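Student: Provide a 3D model corresponding to the input given below.
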Amino acid sequence: MTLLTRITGPCRSRCRWPSPLCRKPNCPLKAEMTEAGGGGISVDTGHSGRLSFFDGLRLAIGCLTRLPIAVPSLSAGGSLAGAMHLFPLVGVLVGAIGSAVYGLAAIGLPPALAALLAVAATALATGAMHEDGLSDVADGFGGGADRDRKLAIMKDSRLGSYGALALVLGLSLRVGALASLGAPAAVAGALIASHALGRAAIPLVMQGLMPVRTGGLGATAGQPSPSTAGIAATLALIIVAMVLPAGAAFAAALAATAATFVLGAVAWRQIGGQTGDVLGAVEQVSEIAALLAIVALQ
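Tutor: Predicted coordinates:
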């Protein structure tokens, strides 16, 4: 059997679900997920599938925040995936909101309270959608005995003990990290960098993992192309390099990347892909990892 036959011939792998490392076009598991999704997932096909800068930015802001903005209408075949290369800029916007609140609060309040208000401001700006994803993933992965049960728990709006613990830990780590930085300028750099890295992690995971549900953000947003995910990552790295010292920038990028890949691998092993909740959890975990790395090198 030739190498070409092995690559293009019938897939004989006995996988539970599609591997993010598998690029065989004839994977029967991917075909089943495509059929279950009602004919396939909208794929951003590189430059031709990406929206213009201002339309893409408005769409990204409208999706990832609760800020009042006119969202452009999508043409036939268009999807949110065409705007994902601009997700890090939304992180800059959210981080700037938190930075402004911290700077104002720090005038008369101690760092811990100013940090708490800054984190609250970022959560309000995004509608706490990423925090909600983190809590749902913690409940599902921690409390479900099998894949179907995990997905059912994640879809349940009720908050469980694992989810509550994840929310408390996430809030405490972010507030503690910002409070330890103290100076408003240092906090501003950390917030902007960590939020940019957190948003860049979303298209990376969506590019690598198949959606496991037919509805929700994980499926309806489409799949970004490798170039779109790469642009998002590159843009985030440029932003981080602009707002942080070299050592802290490298550490933050490395920590966020490691957190993204670890949680992506956990999601693949637990449920075989990604959902909107998984994407929210990825954003939170990578953001927190970046903040902790910045604090470690302050």
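
Student: what about the helices in the stretch 151-298 of the chain?
Tutor: Counting by DSSP state H, counting those that start in this stretch, the stretch 151-298 of the chain has helices at residues 161-181, 184-208, 217-220, 226-243, 246-271, 276-296.

Student: what bits of the protein have low per-residue confidence?
Tutor: Along the chain, the parts satisfying pLDDT under 70 run over 1-49, 74-78, 215-220.

Student: try 90
Tutor: Scanning the chain for pLDDT under 90 picks out 1-56, 59, 63, 68-83, 142-148, 150-160, 182, 207-227, 269-276, 297-298.

Student: coming back round to it: can you lay out the helices of the stretch 151-298 of the chain as a markdown table showing distance to residue 119 and mean neighbour count?
Tutor: For the C-beta atoms, the positions are set from N, CA and C on the backbone; glycine is no exception. What follows is these, written out as a markdown table (distance: least, C-beta to C-beta, whole Å; neighbours: other C-beta atoms under 10 Å):
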| stretch | distance to residue 119 | mean neighbour count |
| --- | --- | --- |
| helix 161-181 | 5 | 18 |
| helix 184-208 | 9 | 27 |
| helix 217-220 | 23 | 21 |
| helix 226-243 | 18 | 20 |
| helix 246-271 | 17 | 20 |
| helix 276-296 | 10 | 26 |
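
Student: will you turn those helices into JSON lines that also has distance to residue 60?
Tutor: JSON lines is the format used below for the helices of the stretch 151-298 of the chain (distance: least, C-beta to C-beta, whole Å):
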{"stretch": "helix 161-181", "distance to residue 60": "22"}
{"stretch": "helix 184-208", "distance to residue 60": "8"}
{"stretch": "helix 217-220", "distance to residue 60": "13"}
{"stretch": "helix 226-243", "distance to residue 60": "10"}
{"stretch": "helix 246-271", "distance to residue 60": "18"}
{"stretch": "helix 276-296", "distance to residue 60": "13"}
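
Student: all helices of the stretch 1-150 of the chain, in order?
Tutor: Secondary structure of the stretch 1-150 of the chain (DSSP H, counting those that start in this stretch): helices at 3-8, 28-36, 53-64, 87-105, 111-126, 129-143, 147-155.

Student: give the buried residues for the fourth one.
Tutor: What that stands for is helix 87-105. Residues of helix 87-105 classed as buried by neighbour count (16 or more other C-beta atoms under 10 Å): 87-99, 101-102, 105.

Student: what residues does it touch?
Tutor: 57, 60-61, 64-65, 67, 113-115, 117-122, 125-126, 178, 184, 187-188, 191-200, 202-203, 232, 235-236, 239 (C-beta atoms under 8 Å, 6 or more residues apart in numbering).

Student: how does it look with 6 Å?
Tutor: 60-61, 64, 114, 117-118, 121-122, 125, 184, 187-188, 191-192, 195-196, 199-200, 202, 232, 235-236, 239 (C-beta atoms under 6 Å, 6 or more residues apart in numbering).

Student: of the helices of the stretch 151-298 of the chain, which approaches residue 50 most closely?
Tutor: Among the helices of the stretch 151-298 of the chain, the nearest to residue 50 by C-beta to C-beta is helix 226-243 (6.3 Å).

Student: the closest one - contacts with which helices or strands?
Tutor: helix 87-105, helix 184-208, helix 246-271 (3 or more C-beta pairs under 6 Å, 6 or more residues apart in numbering; DSSP states H and E).

Student: format these as a markdown table; extra columns: distance to residue 294.
Tutor: Converted to a markdown table, the helices and strands packed on helix 226-243 look like this (distance: least, C-beta to C-beta, whole Å):
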| stretch | distance to residue 294 |
| --- | --- |
| helix 87-105 | 12 |
| helix 184-208 | 5 |
| helix 246-271 | 5 |
